[in-house]
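Undergrad: Next one to model:
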Amino acid sequence: LVDQAFMPRIIEGEVRVMYVGDTPVEIVHKKPKEGGVSATLKSGAVYTRYTPEDPLFRRLMKSFSRDIPQLLPSLGLEDHPLPLLWTADFILGPARHPWSDADGDHYFIGELNCSCVGITTQLHLTRLVAAEAIRICLAHRDKRDDSRMVRGNMTGSAAA
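TA: Alright, predicted model coming up:
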């Protein structure tokens with residue numbers, strides 16, 4: 001359970017960074033409808049898309065890229081790959097040196113999501129997602145040993 005304080009600047013929107021494995025593939029600024037705090041399309045939010053290389057998000061991407069290698073170990077999942085498709089959502093908050101950008105903005109992580117990531121508006125990413133899925137499967141196949149799976153059943157030895 002994470003107790004996160006209300007971030008009043010949510011009215012300015014949230015920044016979602018979409019990843020395929022460890023590769024950032026898209027940034028979306030999700031701005032709520034005037035007077036709202038919800039950043040969903042259904043609520044009337046406006047989405048503006050950027051590339052991960054956009055200078056507007058250089059500091060955010062540099063900072064979070066340094067954190068990614070610690071994500072899985074901090075959750076006790078160091079032997080697992082990053083999710084195939086996942087997002088990190090950030091909300092603007094008060095400046096915090098040295099992480100703030102030139103405008104004094106500081107991004108706070110609001111959510112990591114890998115259980116319900118929709119890509120219906122990013123169908124151009126399907127080939128990249130498929131290529132990463134194949135890469136993960138091949139890496140897993142190369143690492144497996146006799147104590148893994150035999151015909152879909154968990155076993156302690158290849159003879160079982």
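Undergrad: Tell me the secondary structure at the nearest residue to residue 136 once chain neighbours are set aside.
TA: Distances taken as CB to CB, 6 or more residues apart in numbering put residue 81 closest to residue 136, at 5.4 Å, once the chain neighbours are dropped. (Glycine included, C-beta is placed from N, CA and C.) Judged by DSSP: H, G, I helix; E, B strand; the rest coil, the three-state class of residue 81 is coil.
Undergrad: which secondary element of this structure has the worst mean pLDDT?
TA: strand 149-150 (a mean of 46; mean pLDDT, DSSP states H and E).
Undergrad: quick one, phi psi at the residue sitting nearest the centre point of the chain?
TA: Compute the mean C-alpha point of the chain, and by CA atoms, centre = their mean the closest residue is residue 87, 2.5 Å away. Taking degrees, to the nearest 10, you get phi -130, psi 150 for the backbone angles of residue 87.
Undergrad: Quickly list what it is bridged to.
TA: According to DSSP bridges, the residues that bridge with residue 87 are residue 18, residue 113.
Undergrad: ok, now how distant is it from residue 133?
TA: Look at residue 87 and residue 133: by CB to CB, to the nearest Å, they are 17 Å apart.
Undergrad: Same check on residue 39?
TA: Relative to residue 133, and taking CB to CB, residue 39 is found at 28 Å.
Undergrad: neighbour count winner among those two?
TA: residue 39 (25 against 14; other CB atoms under 10 Å).
Undergrad: So for the more buried one, what's the nearest residue that isn't a sequence neighbour?
TA: residue 30 (3.7 Å).
Undergrad: so what's the backbone phi/psi at that neighbour?
TA: Taking degrees, to the nearest 10 as the convention, residue 30 sits at phi -110, psi 100.
Undergrad: try residue 127
TA: Torsion angles, degrees, to the nearest 10, at residue 127: phi -70, psi -40.
Undergrad: What count of nearby residues applies to it?
TA: 9.
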